[in-house]
Structure formats: C-alpha cells, structure tokens
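Peer 1: Sequence and predicted structure below; questions after.
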Amino acid sequence: MAESAIEITDLRKSFDDGKTFVLKGVDLTIPKGKLTVIIGYSGTGKSVLLKHILGLLHPTSGSLKVLGKELWDMKESELMEMRKRLGVLFQYAALFDDMTALENVCFPLREHRRQWDPDKIIDVATKKLESSGLGSEHFHKLPSELSGGMRKRVGLARALALDPEIILYDEPTTGLDPVLTEMVDDLIQSTHKRIPGSTSIIVTHDLFAAFRIGEHMVMLDKGKVLLSGTPEDFRNSDLELVQKFIAKGFKKE
Ligand SMILES: Nc1ncnc2c1ncn2[C@@H]1O[C@H](COP(=O)(O)OP(=O)(O)O)[C@@H](O)[C@H]1O
Ligand SMILES: [Mg+2]
C-alpha cells in the first residue's frame with residue numbers, strides 16, 4: 001500500500017462540550033506525495049479538519065497521525081517541530097501589511113533558522129519568491145502595492161520558506177477572477193511537481209480545479225467523509241450527493 005501523509009481515525013470535534021459535533025467521526029487517509037483535493041459544501045467542516053491537521057485545534061476524540069506521528073501524543077516542543085514540516089496558505093494570504101514581500105518570506109526563516117546568517121536568510125527568501133514567480137522588481141513592495149495574484153505568490157513563497165513536506169491550501173482561489181484562479185491553480189500544481197515527494201492538500205469549492213489538478217479527492221459532508229478516491233472514482237460514483245455536487249459545480253462555471 002502507498003505510504004500515507006495523514007491518517008485520521010474516528011476524529012470528532014465539538015466546540016460546545018459535546019452538545020453538537022462539527023466533525024462526526026472522520027476516517028481518512030491522505031496519500032503521501034500526491035495532490036489531494038478536499039471538496040464539500042460550505043460549513044461542512046473542511047477548515048476545521050485542516051486546522052486539526054495543522055495542530056491548531058485539539059480534537060474532542062479520535063486519532064490523527066501526521067507523517068506517522070500521533071499529533072496529540074506529542075510534547076509541545078515536538079508539536080512545534082511538526083508544524084514546521086507543514087506549510088499553509090489561507091484564502092487571504094494573511095501577509096504582514098507593514099513588511100515588504102521579501103521581509104514577509106524572511107519572517108519564518110528568522111524565527112526558525114536562527115543559526116543562519118542574515119545573508120543566507122535573504123538568499124533563501126529570494127529564491128522562494130523567484131520560484132513562486134514574483135518578479136524581482138516587486139520584492140521590496142508592501143502587500144498594498146501588489147496585485148492579488150502577486151500577494152498569492154508571496155503567501156506561497158512564505159508557506160514554502162521552511163521547505164515543508166506537506167503544504168495545505170484553504171480555498172486558495174475563493175474570490176478570485178477566473179484568470180487569476182487558473183494562475184493560482186497552475187502555481188499550486190507546478191509547486192507540487194517541483195518539490196519531490198511533497199504532499200499537497202487543497203480545500204476548494206472549484207470543481208474544475210479539483211478535477212484538473214487533483215490526484216486524490218475527498219468529499220466531506222456534514223462532518224464525515226462521504227467519499228475518498230481518485231477523480232475517476234468520483235466521476236463513476238453513484239452516490240447521489242457526489243453527483244449533485246459535481247453537476248452543480250460544473251454548471252456554475
Ligand atoms: N472555533 C469555532 N468555534 C465554534 N464553531 C466553529 C469554530 N470553527 C468552526 N466552527 C463551526 O464549524 C462548522 C464548520 O466550519 P468550517 O470547517 O469552517 O466549514 P467549511 O467546510 O466551510 O470550511 C461551522 O458550522 C462553523 O460555524
Ligand atoms: Mg472553510
């Protein structure tokens with residue numbers, strides 16, 4: 001069997017002491033080295049699931065293994081180390097407004113590569129921006145001086161700063177126009193291919209992107225996994241909700 005990046009068993013999450021559950025027993029394996037797309041209706045628990053993988057939310061019960069290690073068996077220091085192996089890009093790139101593009105990418109390096117001299121930090125940050133496709137004329141601009149697409153590139157460069165093994169994207173193209181959406185999808189795909197062995201996980205409602213770039217697909221519904229499989233499995237699924245979601249997604253475009 002293929003190696004897995006993430007193994008989730010019967011994961012449950014309640015924010016109100018067990019009165020209601022947002023995650024209602026998620027069982028899921030995310031393969032290592034692949035680009036996995038997570039789809040599902042709004043409010044179904046996709047972001048909450050992602051935050052569990054990132055170790056930002058504590059599960060109410062269940063097991064969550066990231067890169068072979070049970071996340072909540074770890075000491076705080078181990079959890080910090082694990083978080084460095086994960087890179088994340090949220091919908092709004094969440095850049096520091098008062099830092100230039102380059103400084104934004106230097107930030108995690110200054111924080112976590114303290115033994116590096118300043119030149120090396122700038123050198124690595126520059127390379128990350130270059131491979132994310134930001135022109136060098138923009139390196140010293142503030143986020144407010146950059147276009148939406150450029151900000152995404154900076155956000156991606158920053159997410160990749162520490163060479164993460166798993167890269168997570170939460171709705172990276174929500175709110176973007178079609179041209180920019182395609183650019184960001186292509187960027188995600190080319191980034192995935194450029195970093196050997198990397199695992200990419202993208203939450204999206206963009207079905208076109210899901211089928212175009214997804215190698216593995218997961219559909220979440222009401223806090224549970226409805227289907228996990230190849231894009232082919234999804235096309236061939238006779239689950240009504242899967243077909244409804246796919247049809248709706250394609251009609252919208
Ligand atoms: N920190 C929180 N406290 C309480 N409820 C939350 C919290 N985060 C998310 N939720 C609830 O969990 C449900 C799933 O949210 P979310 O994972 O963001 O959905 P989506 O699939 O759209 O990403 C929503 O009903 C949301 O209101
Ligand atoms: Mg969400």
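Peer 2: Arrived safely. Residues are numbered from 1 along each chain as shown. Ligands and ions are numbered 1, 2, ... in the order given.
Peer 1: How far off centre is stretch 55-64?
Peer 2: 17 Å (C-alpha atoms, centre = their mean, to the nearest Å).
Peer 1: Could you do stretch 85-95 as well?
Peer 2: Centre-to-centre, stretch 85-95 and its host chain are 7 Å apart (C-alpha atoms, centre = their mean).
Peer 1: and it, anywhere near ligand 2?
Peer 2: No: using C-beta under 5 Å from the ion, stretch 85-95 stays clear of ligand 2, coming no nearer than 7.8 Å. (Glycine included, C-beta is placed from N, CA and C.)
Peer 1: near ligand 1 at all, that stretch?
Peer 2: No: using C-beta under 6 Å from any ligand atom, stretch 85-95 never reaches ligand 1; the gap is at least 9.9 Å.
Peer 1: Skip the chain neighbours and tell me the closest residue to residue 136.
Peer 2: Nearest in space to residue 136, with sequence neighbours left out and distances taken as C-beta to C-beta, 6 or more residues apart in numbering, is residue 130 at 7.3 Å.
Peer 1: where's that neighbour relative to residue 232, distance?
Peer 2: Using C-beta to C-beta, to the nearest Å, residue 130 is found at 36 Å from residue 232.
Peer 1: Give me the more crowded residue out of these two.
Peer 2: residue 130 (14 against 10; other C-beta atoms under 10 Å).
Peer 1: is it true that the more buried one lies in a strand?
Peer 2: No: using DSSP: H, G, I helix; E, B strand; the rest coil, the assignment for residue 130 is helix, not a strand.
Peer 1: So it is in contact with residue 139, correct?
Peer 2: No: counting by C-beta atoms under 8 Å, residue 130 stays clear of residue 139, with 9.2 Å between them.
Peer 1: low pLDDT regions in the protein?
Peer 2: Along the chain, segments meeting pLDDT under 70 span 1, 93, 249-253.
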